[in-house]
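Peer 1: Just to be clear, the model below is a prediction. Sequence and coordinates:
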Amino acid sequence: MSLSGAWYLGLAAVVFSIGALGLLVRRNVLVMFMCVELMLNAANLTFVTFSRMLDDIGGQVLVFFTLVVAAAEVVVGLGIVVAIFRRRRSATADDFHIMRG
Amino acid sequence: MPVPLFAATTVDALTFAIAAAVVLAGAIGVVVARNPVHSALMLVMTLFGVAVLFVEQQANFLAAVQVIVYAGAIVVLFLFVIMFLGVDSEESLEKEPLRGQRPLAVGLMVLGLAGLLVMGFGAHWSVGAKSVAGPSQGQPGGDVAALGRSVFTTYLFAFEVTSALLVIAVVGAVVLARRPGGVLGGSGTDPDAPAADADPGSDSDSDPGTDTDTGSGGDAEDLAETGSRAGAVPGAVGGADVVTGVPTDAATEEVSR
């Protein structure tokens, strides 16, 4: 049998925190997107772990839908990055200050 | 149902340890790698590790989907955009634009992580009723059949809505990535040209700080600077110049697009 679910939950918590930290400290928009993917993966791991602990297929179905939403999110997000880059010649979050007061 | 923390076979424990090490190394690599391409490759490593953990928990179909969709499609999309934009230049991690932001972020992360770990290890989170949406283990056909049955019966409406979401995302990406002024012809690019011409004129009116800014930049940066300046200080430019309406229009378009 596999390890107890607490190990998986702890690992997911660590990965989620690393992703959140990267989202806060990095300034390249693409790397920030990758950190969002890290956080999504940590949540997916949590869902699968709970699905096993409770013997419930609902967690795996939710991961399935999360994958679809993540794919759509990446497509739209990268489209926005390309559109901004075409105007600004930059993919750094510091340079996007057109809406500042 | 307190399962002992170490109630596992050696193989399972070893698999978890190796996969966890791979996942953690990849996650740290995504954050600290200077080159975005290296970050993307580290992300692939993390995704493979997570797929192994899925297999370890009898979620075989999700592991396959994880490798195919995430590592095969999403990361390739990332790499494609990185190469397409040519932003694979290295970012200096030493420079800190916001003073004190980085220690604050680390402190916040440690606090959140401590909270999550205390709750995850100390409390019993999985206290709900078992197998509400159907059992996942020991089903005929394995987890693939169980997942398929669930998706096409209980979650059928959500599944159909998902297809609409994908279509909307594709259409939105096409609209976003389209070159400006497809149907309208030159009207999308024409206001930019007089704006670029008017830029030195409006520069002479404004403070010298912005003059040095545009002097170092190229033509494209000039354009961007015009847009941001017209958006930020419309009143300062508005008094002197005749063509001030044009850059303001360009800025509005920039926002709306």
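Peer 2: It's in. Numbers count the residues shown, from 1 in each chain, chains lettered A, B, ... in the order given.
Peer 1: contacts, neighbours, all on C-alpha from now
Peer 2: Fine.
Peer 1: Give me the below-cutoff pLDDT ranges for chain A.
Peer 2: Within chain A, the ranges that satisfy pLDDT under 70 run A:1, A:101.
Peer 1: And chain B, by the same measure?
Peer 2: Chain B contains residues with pLDDT under 70 at B:1-8, B:87-97, B:120, B:123-126, B:180-257.
Peer 1: So which residues of it form helices?
Peer 2: Taking DSSP state H as the test, the helices found in chain B are B:10-32, B:36-56, B:60-65, B:75-85, B:101-122, B:142-152, B:156-177, B:192-205, B:208-216, B:219-232, B:234-238, B:245-256.
Peer 1: mind giving me the domain ranges of chain B?
Peer 2: Split into domains by automatic domain parsing, chain B comes to B:1-90, B:142-178, B:185-256.
Peer 1: you'd agree B:Pro135 is up against A:Met53?
Peer 2: No. Using Cα atoms under 8 Å, B:Pro135 makes no contact with A:Met53, being 10.9 Å away.
Peer 1: For chain A, which segments count as helices?
Peer 2: A:5-25, A:29-54, A:58-88.
Peer 1: quick one, the second one and helix A:58-88 angle?
Peer 2: Using axes from the mean of the first three to the mean of the last three Cα atoms, to 10 degrees, the inter-axis angle of helix A:29-54 relative to helix A:58-88 is 180 degrees.
Peer 1: could you say what helices and strands helix A:29-54 packs with?
Peer 2: Judged by 3 or more Cα pairs under 8 Å, 6 or more residues apart in numbering or on different chains; DSSP states H and E, helix A:29-54 is in contact with helix A:5-25, helix A:58-88, helix B:10-32, helix B:36-56.
Peer 1: Now render the helices of chain A as TSV, adding mean neighbour count.
Peer 2: Shown next, in TSV, are the helices of chain A (neighbours: other Cα atoms under 10 Å in any protein chain shown):
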stretch	mean neighbour count
helix A:5-25	23
helix A:29-54	24
helix A:58-88	20
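Peer 1: for the ones you listed, which one sits closest to A:Asp95?
Peer 2: For A:Asp95, the closest of the helices of chain A is helix A:58-88, at 8.0 Å, according to Cα to Cα.
Peer 1: For that closest one, name the packing helices and strands.
Peer 2: In terms of contacts (3+ Cα pairs under 8 Å, 6+ apart), helix A:58-88 is packed against helix A:29-54, helix B:60-65, helix B:75-85, helix B:142-152, helix B:156-177, helix B:219-232.
Peer 1: ok, 7 Å please
Peer 2: Applying 3 or more Cα pairs under 7 Å, 6 or more residues apart in numbering or on different chains; DSSP states H and E, one finds that helix A:58-88 makes contact with helix A:29-54, helix B:156-177.
Peer 1: out of the ones you listed, which comes closest to A:Ser17?
Peer 2: Nearest to A:Ser17, of all the helices and strands packed on helix A:58-88, is helix A:29-54, at 7.7 Å by Cα to Cα.
Peer 1: gap between the closest one and the chain center?
Peer 2: 6 Å (Cα atoms, centre = their mean, to the nearest Å).
Peer 1: just the angle between that helix and helix B:36-56, please?
Peer 2: Using the same axes, to 10 degrees: helix A:29-54 against helix B:36-56 is 10 degrees.
Peer 1: What lies in contact with stretch B:106-118?
Peer 2: Applying Cα atoms under 7 Å, 6 or more residues apart in numbering or on different chains, the external contacts of stretch B:106-118 come out as A:10, A:13-14, A:17, A:21.
Peer 1: Give the buried residues for that stretch.
Peer 2: Of all the residues in stretch B:106-118, those buried under the rule 16 or more other Cα atoms under 10 Å in any protein chain shown are B:106, B:109-110, B:112-113, B:116-117.
Peer 1: returning to that earlier point: how about the helices and strands packed on helix A:58-88 in a markdown table, adding distance to B:Met42?
Peer 2: Output for the helices and strands packed on helix A:58-88, formatted as a markdown table (distance: least, Cα to Cα, whole Å):
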| stretch | distance to B:Met42 |
| --- | --- |
| helix A:29-54 | 10 |
| helix B:156-177 | 26 |
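Peer 1: Tell me who's in contact with residue 29.
Peer 2: Defaulting to chain A. A:Val29 touches A:91-93, counting by Cα under 7 Å, 6+ apart.
Peer 1: Please refer instead to chain B.
Peer 2: B:Gly29 makes contact with B:39, B:42, according to Cα under 7 Å, 6+ apart.
Peer 1: ok, 6 Å please
Peer 2: Shown in contact with B:Gly29 (Cα atoms under 6 Å, 6 or more residues apart in numbering or on different chains): B:Met42.
Peer 1: same question, B:Phe78
Peer 2: Per Cα under 6 Å, 6+ apart, neighbours of B:Phe78: none.
Peer 1: Quick check: the gap between it and A:Asn41.
Peer 2: Between B:Phe78 and A:Asn41 the computed distance is 16 Å (Cα to Cα, to the nearest Å).
Peer 1: just B:Gly122 next, same as before
Peer 2: For B:Gly122, the distance to A:Asn41 (Cα to Cα) stands at 23 Å.
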